[in-house]
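[1] What shape does this take:
(2 chains)
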Amino acid sequence: MSPQAEGAVGNEAAVAEVAAPGGGASPWTPWVFRIGSVGLVLLIWELYGRAQETTLFFVPFSSVVGALWDLAGTSEFWNAFGQTFIPFIWGWLLSLAVGILLGLLIGRFRTFDALTKPYVTFLNALPVSTLVPIAVILFGIGYASRILVVFLFGVVEVTLNTAAGVRYVSRDLVEMGESFNAKQTRLFRKVILPASLPGIMAGIRIGTGRAVVGMVVVEILLVAVGMGRLILRYRGRFQSAELYAVVLALIIFGILLQVIARRFEHRVSRWKYEMEKVA
Amino acid sequence: MIEINGIGRRFNTRDGGSFEALKDVNFSVNDKEFFSIIGPSGCGKTTLLKMVAGLVKPTAGSIEVDGTPVVGPGDDRAMVFQSFVLLPWADVLTNVGFGLELRGRSRKESREAAAPFLERVGLTRFSEHYPHELSGGMQQRVGLARALAVGPDILLMDEPFGALDAQTRQLMQEDLMRLWDQEQKTVIFVTHSMDEAAYLSDRVLVMDTHPGRVREILDVPIPRPRDESVRRESVFTELTAHMWHELRGMMGDPTAPAPE
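    Next comes the predicted model:
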């Protein structure tokens, strides 16, 4: 940081202190605990798995990793992944697009909020899984119904978080924009939209997680394709290691998306975190 | 010239009644005048300022700027806020140019046009810093530069130094005075600091409360340019003492002599 004026700028030491509550901890400290926590559970899993007399129900973690390694070498696995992934991507993107648009409208216009509130409340109150059979009846077991289910799972969180992001834009910022005689559209584009980005990004992150759930639920509940079909098959044959391996693959996929979404969120909302650090 | 004619403002309350925030406020502000409004909390001075800004509509009376009624915000006015209200996601230079951006100039143009104003408030080397990296005083300099950058005839300042510590506040007052000497703009300055009002202003409007209304308008007979030493002159101390006497009576202080 550059030279100081009024002796108040660039007080990096003070900022760092606030950033690391708990005093004197390095940024790596949380990672030590995270890895330690996961490692401990995996170790217990491993030991408990080895103590079993049969591999029918519970297998050690190392066998699961081995099974996943083997599966990853088969084209069947990747075909299944593709079958799962493609409708997921469409449903997910659709939920982001529709959710952000709806959220912006709901957050901005009271009338629109009132018009859509019953449906949003309905979707939010209902376990979306219950809509899966209806989606299948309406759209069959093809891509369409799976896209729809992924969409329905994701869209609510994206909408609600976006709407909240817009609604809680600081009143002062809007007033500042108005005081400079800004037209409504410009005020929206230059002030309200950027100020809502943290809410939108949180919606994207949470909605992405929900969409992954939707992707798996539809395949297990009704349409036995893709990864869901592998799960059902290995369960039927008591191939526990393979069963867990498929689940593990889905977990890795889900975590990967979360990490990407979080990165993205952090980048876009950096100003917000910086503000909170100082405040 | 800004003319405030019989301004009133009623707010509806939750229980179905209404409450009168401002009542029959009349005064006018001359061109290039530094005009302060002082009064106890809740007297409606900020509401009054926002009316001149066109952000709040009066329920009675009218405001005219050079004979034209105020119906909303205008390019001839710019506001400086107590809480600075900078964009936390944009750097200092973008913030200074943001008023221009809101009026339709491109970001690039606005930043270029903003640079000399940043210079005037002495923050050129912080142009790429973010607001949270700046002290309160520096943030308000950015707020002031942003208002100046749109080239307004009238500067509306809502307790601009109210959130700053006493020392920074004094420095900012001196800087504002210097800037105003160069710029010669009409300023309406809302404050609750008597010292600040007396130091900066040509005239001070003292407001009464419940409902907010004009109590008196005081001339500040101190020649310009003023510097720090005027605070020790008897005319200054008498003026602030008088303001304190007035305000104290309004604040329900039982030890104060009854307002006449």
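[2] Quick check: which ranges of chain B have low pLDDT?
    Residues of chain B meeting the criterion pLDDT under 70: B:252-260.
[3] what about the strands in it?
    For chain B, the strands defined by DSSP state E cover B:2-12, B:18-29, B:34-38, B:60-65, B:68-69, B:77-80, B:154-158, B:186-191, B:203-208, B:213-219.
[4] what about the residue of the stretch 51-200 of chain B found nearest chain A, distance to A:Met176?
    Across the stretch 51-200 of chain B, no residue is closer to chain A than B:Ser135, which sits at 3.3 Å (CB to the nearest CB). Just so you know, the C-beta spots here come from the backbone N, C-alpha and C atoms, and that holds for glycine as well. Distance of B:Ser135 to A:Met176, given as CB to CB, to the nearest Å: 20 Å.
[5] More neighbours: these two, which one.
    A:Met176 (27 against 18; other CB atoms under 10 Å in any protein chain shown).
[6] How about the contacts made by the more buried one?
    A:Val191, B:Met79, B:Phe81, B:Val85 (CB atoms under 8 Å, 6 or more residues apart in numbering or on different chains).
[7] quick one: which of those has the most company?
    B:Met79 leads the contacts of A:Met176 on contacts (other CB under 10 Å) with 29 neighbours.
[8] in the lengthiest helix in chain A, what's buried?
    The single longest helix within chain A, with elements called by DSSP state H, is helix A:75-108. The neighbour-count criterion (16 or more other CB atoms under 10 Å in any protein chain shown) identifies A:77, A:80-81, A:83-85, A:87-88, A:90-92, A:94-96, A:99-100, A:102-108 as the buried residues of helix A:75-108.
[9] Now the following helix or strand past it: average pLDDT?
    Sequence-wise, the next helix or strand downstream of helix A:75-108 (DSSP states H and E) is helix A:110-125. Averaged across helix A:110-125, the pLDDT comes to 89.
[10] Other residues contacting helix A:110-125?
    So helix A:110-125 is contacted by A:Leu102, A:Leu105, A:Ile106, A:Gly107, A:Leu152, A:Val155, A:Val156, A:Thr159, A:Leu160, A:Ala163 (CB under 8 Å, 6+ apart).
[11] Then stretch A:128-147?
    Outside stretch A:128-147, the residues touching it (CB under 8 Å, 6+ apart) are A:86-88, A:90-91, A:94, A:148-149, A:152-153, A:156, A:214-215, A:217-219, A:221-223, A:225.
[12] From the residues you listed, list just the buried residues.
    The buried subset of the contacts of stretch A:128-147 (16+ other CB under 10 Å) comprises A:87-88, A:90-91, A:94, A:148-149, A:152-153, A:156, A:214-215, A:217-219, A:222-223, A:225.
[13] Just the endpoints, please. Distance across stretch B:33-44?
    End-to-end distance for stretch B:33-44: 21 Å, by CA to CA, to the nearest Å.
[14] For that stretch, buried residues please.
    B:Glu33, B:Phe34, B:Phe35, B:Ser36, B:Ile37, B:Ile38, B:Gly39, B:Pro40, B:Cys43, B:Gly44.
[15] OK, contacts around the fifth one?
    Same thing as B:Ile37. B:Lys45, B:Leu48, B:Leu49, B:Ile188, B:Phe189, B:Val190, B:Thr191, B:Val204, B:Leu205, B:Met207.
[16] For those, pick the one with the most neighbours.
    B:Leu48 (28 neighbours).
[17] sorry, back to before: within reach of chain A, which of the contacts of B:Ile37 are there?
    Among these, no residue lies close to chain A (CB under 8 Å from any CB of the partner chain).
[18] which residue sits closest to B:Thr124 in space, ignoring its chain neighbours?
    Nearest non-adjacent residue to B:Thr124, counting by CB to CB, 6 or more residues apart in numbering or on different chains: B:Leu118, 5.4 Å away.
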